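> take this sequence and fold it.
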Amino acid sequence: MKITDVPFCTIDWSEITATQHPGTEGFAYWRTFEMGNIRVRMVEYTPGYIADHWCNRGHVLLVLEGELYTELLDGKEFKLTPGVSYQVADDANPHRSYTNTGAKLFIVD
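Next comes the predicted model:
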């Protein structure tokens, strides 16, 4: 990942308004910071959230709270708990996530 056009800056996530994104079930609430060529998000999934699409975008995702399951289009599935991350490149492995308990994530893409 090469980050361009982003000077040193800090983010107080409590000052960023969350936007609601419905899943097939439940909701995702995104607090988003975009600058240069990056998007950084603090995301909260409600209990029972299921993504409504397969994602091809590359991410670095870190679970902060809760439990997240991420499945790949090829059928593999991964359970992520606090302190566990995944990394995937653009167009490498289509993926989608769900949670039974809810989850809080930090994502850079």
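> residues in contact with stretch 33-47?
2-6, 9, 11, 13, 16, 18, 23, 26-32, 66, 68, 97, 99-109 (Cβ atoms under 8 Å, 6 or more residues apart in numbering). For glycine as for every other residue, the C-beta is placed from the backbone atoms N, C-alpha and C.
> so among those, which ones count as buried?
23, 26, 28-31, 66, 68, 97, 99, 102-105, 107-109 (16 or more other Cβ atoms under 10 Å).
> what's opposite E77 in the beta bridge?
E71 (DSSP bridges).
> ok, it - contacts?
By Cβ under 8 Å, 6+ apart, the contact set of E77 is 69-71.
> with I3 instead?
36-38.
> repeat that for 6 Å
Counting by Cβ atoms under 6 Å, 6 or more residues apart in numbering, I3 touches I38.
> again, but for the one 10 residues further on
Each residue near W13 by Cβ under 6 Å, 6+ apart is listed here: 31, 42.
> that older thread, just the buried ones among the contacts of stretch 33-47: which are in strands?
Of those, the ones assigned to strands by DSSP state E are 28-31, 66, 68, 97, 103-105, 107-108.
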